[in-house]
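**Student:** here is my input; please provide its structure:
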Amino acid sequence: MSLLGSIVSKILHPFGGGSAEAAPSESSNPTSTATTGSTGSGGAAAPAGGGGKVDVEQVLNDMAAKNPQQLNWRTSIVDLMKLLDLDSSLTARKQLADELHYTGDKDDSATMNVWLHKQVIKKLEENGGKVPADLKD
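**Tutor:** Residues are numbered from 1 along each chain as shown. Model prediction:
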């Protein structure tokens, strides 16, 4: 599964339900179509009866409350990935940048990280997440 697919799955489908693949931005990406099943990392913020949007902020705040580290998921892609128990190394972030079609300089990690965070939040919303206005680009 793609890194973006893992992020979307862990936040929007924390109990393994639904599709784990995020919608590609403009090109079709045939790399992965399988779901990974239960991630075991979610809280109780997913809608109980289907239909409603998953409250991204609530899911992530619930996860952060259970995490011993102080992680600023609201602004940091590194902290967001750590919160989701994903590899947050520069190599992993460059892979995520490739998945999201980043065209900037990947050696300028600060600029890339800001862009990645905005794109991940956007993809969460595009895939059924309810995102608070202050996190939108």
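**Student:** and the residue nearest to residue 69 when sequence neighbours are not counted, its phi and psi?
**Tutor:** When the adjacent residues along the chain are set aside, residue 69 lies closest to residue 82, with 6.9 Å between them (Cβ to Cβ, 6 or more residues apart in numbering). (Each C-beta comes from the backbone N, C-alpha and C, glycine too.) Backbone dihedrals for residue 82, given as degrees, to the nearest 10, come out at phi -60, psi -40.
**Student:** touching, residue 82 and residue 68? I think so.
**Tutor:** No. Distance between residue 82 and residue 68: 11.3 Å, which falls outside the contact criterion (Cβ atoms under 8 Å).
**Student:** could you pull up the residues touching the residue nearest to residue 69?
**Tutor:** Taking Cβ atoms under 8 Å, 6 or more residues apart in numbering as the definition of contact, the neighbours of residue 82 are 69, 71, 88.
**Student:** tally of neighbours for the spatially closest residue to the second one that is not a sequence neighbour?
**Tutor:** The one in question is residue 71. Closest residue to residue 71 in three dimensions, ignoring its sequence neighbours and counting by Cβ to Cβ, 6+ apart: residue 79, at 4.0 Å. Residue neighbour count, defined by other Cβ atoms under 10 Å, stands at 19 for residue 79.
**Student:** one more: the one 10 residues further on?
**Tutor:** With neighbours defined by other Cβ under 10 Å, the count for residue 89 comes to 11.
**Student:** for it, give me the pLDDT.
**Tutor:** On the pLDDT scale, residue 89 is placed at 98.
**Student:** could you do residue 40 as well?
**Tutor:** Reading off the per-residue confidence, residue 40 sits at a pLDDT of 39.
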